[in-house]
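Asks: Provided below are the primary sequence and the corresponding predicted coordinates.
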Amino acid sequence: MSSKNGIARRDEDEVCPVCKSSRYLNPNMQFLINPECYHKMCESCVDRIFSSGPSNCPVAGCRKTLRKNRFRKQTFEDIGVEREVDIRRRVMQVLNRREEEFDSKRAYDDFLEQREEIIANLVGRIDVAKTEAQLQQYATDNMQSIRTNQALEAQEASSFQARMTQEQEEARLRRQAAREEYENERREMQAGREDFLSRLAAGTAADATSIAREGHKVLLKKSSARRSEEDRIRQKQAALRGTETTKRTGGPLTTADIAGAAPSADTGLVKGLRKIKTPEPEKPYDPFMGLVPEKRDYYSLQSFYPSSYLEPIRKDTRMLAGGYDLREYYSRTLFEAFAGLGCFVGEEVAQRDATSAAGISKPAATEGAAMAAVGNAAVNENTA
């Protein structure tokens, strides 16, 4: 009974619900589905109904508006699996956050769980309108990050494909080299055997041992040279693979690199995202590292100072003829006058006296004076 039901169900699936054509009568008939409603119909019905423009689904009870360019062949035998795969692909194209965008592994796991709940709601038709609105709002607010992650995924896929192609090419070259090596070795062994037999045939019985020993030495030399060449080729291939790996991993693109300096914050749907700090604009080059030559903390240098002592010098051509500039005198004098403003002698003396009273250490000058006094007293005693 179950087999009959299975056969009937399969025959029913092979019949177009619109024109009632059967694959039994038309083996070349192709069935198409539309992801809007996933109702299957034959290709001729699709061309006849939707060639002039969008139209409602001809299946009874379905009011979805379908377009011809959305029809495609069915990939999976079960329509439910086909629909779930499409929903999962669509949701993951929008919610395509990466692990490095989150503050912790727990936050990323929560995001994955939330994404699976959204997929389950859409597959099970639970709060479809609310879920679709949340997805649409998230896609609108995070269009830049979505495109960034899509570019990263495309780059990773292309690099993986290139790596697989390279490995397949290397495997093909290794097989070809192994075949060539086998053929060369076989030809060498055949030539050596023929040469050995010809020398034995031309020589005497006493020369057989020496001929065999020489042939054995030749084979050993050839095998040693072949192993050395194989090791050299392996080392060269390993070095090339290491160089290519370094090139691939030397500058990997990240979300922040492609997205630029766009700060990332928690959206209304995804939580726990890491905030990307906006880099400060590069400042212009300063050869003095912020030091202004004529700028001082306690005074500002003027171009003229009235002084009865400086008036004759200012007017004396003999002083100015050699390139003497009074501004250098002003700068040096003011610097020397204000040089001690950062030194608080009173506080240093008080701290020194407090340290001496506590008996922690004596000042160097006091110790030197005490040693000098002891030395003078000893000299006086010896003189007396």
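Replies: Received the coordinates, thanks.
Asks: For the spatially closest residue to P17 that is not a sequence neighbour, which residues are in contact?
Replies: The shortest distance from P17 to any non-neighbouring residue, by C-beta to C-beta, 6 or more residues apart in numbering, is to V59 (5.6 Å). Every C-beta, even on glycine, is put in place using the N, C-alpha and C of the backbone. Residues in contact with V59 (C-beta atoms under 8 Å, 6 or more residues apart in numbering) are P17, V18, C37, H39, M41.
Asks: Name the nearest of those residues relative to I146.
Replies: Checking the contacts of V59 against I146 with C-beta to C-beta, the nearest one is C37 at 26.6 Å.
Asks: Relative to N121, how far out is the closest one?
Replies: From C37 over to N121 the distance is 19 Å, taken as C-beta to C-beta, to the nearest Å.
Asks: Give me the more crowded residue out of these two.
Replies: Set C37 next to N121 and count neighbours by other C-beta atoms under 10 Å: N121 wins out with 18 against 15.
Asks: isn't that one right up against D127?
Replies: Yes: using C-beta atoms under 8 Å, N121 is in contact with D127, at 5.7 Å.
Asks: For T131, list the residues it contacts.
Replies: For T131, the contacting residues are I118, N121, L122, by C-beta under 8 Å, 6+ apart.
Asks: Surely R83 touches G124?
Replies: No: using C-beta under 8 Å, R83 makes no contact with G124, being 11.0 Å away.
Asks: Could you check which of these two has the larger neighbour count?
Replies: More crowded of R83 and G124, by other C-beta under 10 Å: R83, with 17 against 10.
Asks: Please parse this protein into its domains.
Replies: 1-74, 146-259, 345-383 (automatic domain parsing).
Asks: Lowest average pLDDT across these?
Replies: Confidence, taken as mean pLDDT, is least for domain 345-383 of those (a mean of 60).
Asks: could you pull out the helices for this structure?
Replies: 2-13, 43-50, 79-94, 105-123, 128-141, 143-202, 208-250, 255-259, 311-315, 317-320, 326-338, 345-358, 364-383 (DSSP state H).
Asks: Measure how the fifth one sits relative to helix 143-202, angle-wise.
Replies: Taking axes from the mean of the first three to the mean of the last three C-alpha atoms, to 10 degrees, one finds that helix 128-141 is oriented at 80 degrees with respect to helix 143-202.
Asks: tell me the angle helix 128-141 makes with helix 105-123.
Replies: Relative orientation of helix 128-141 versus helix 105-123 (the same axes, to 10 degrees): 130 degrees.
Asks: Just the buried residues of helix 128-141, please?
Replies: T131, L135, Y138 (16 or more other C-beta atoms under 10 Å).
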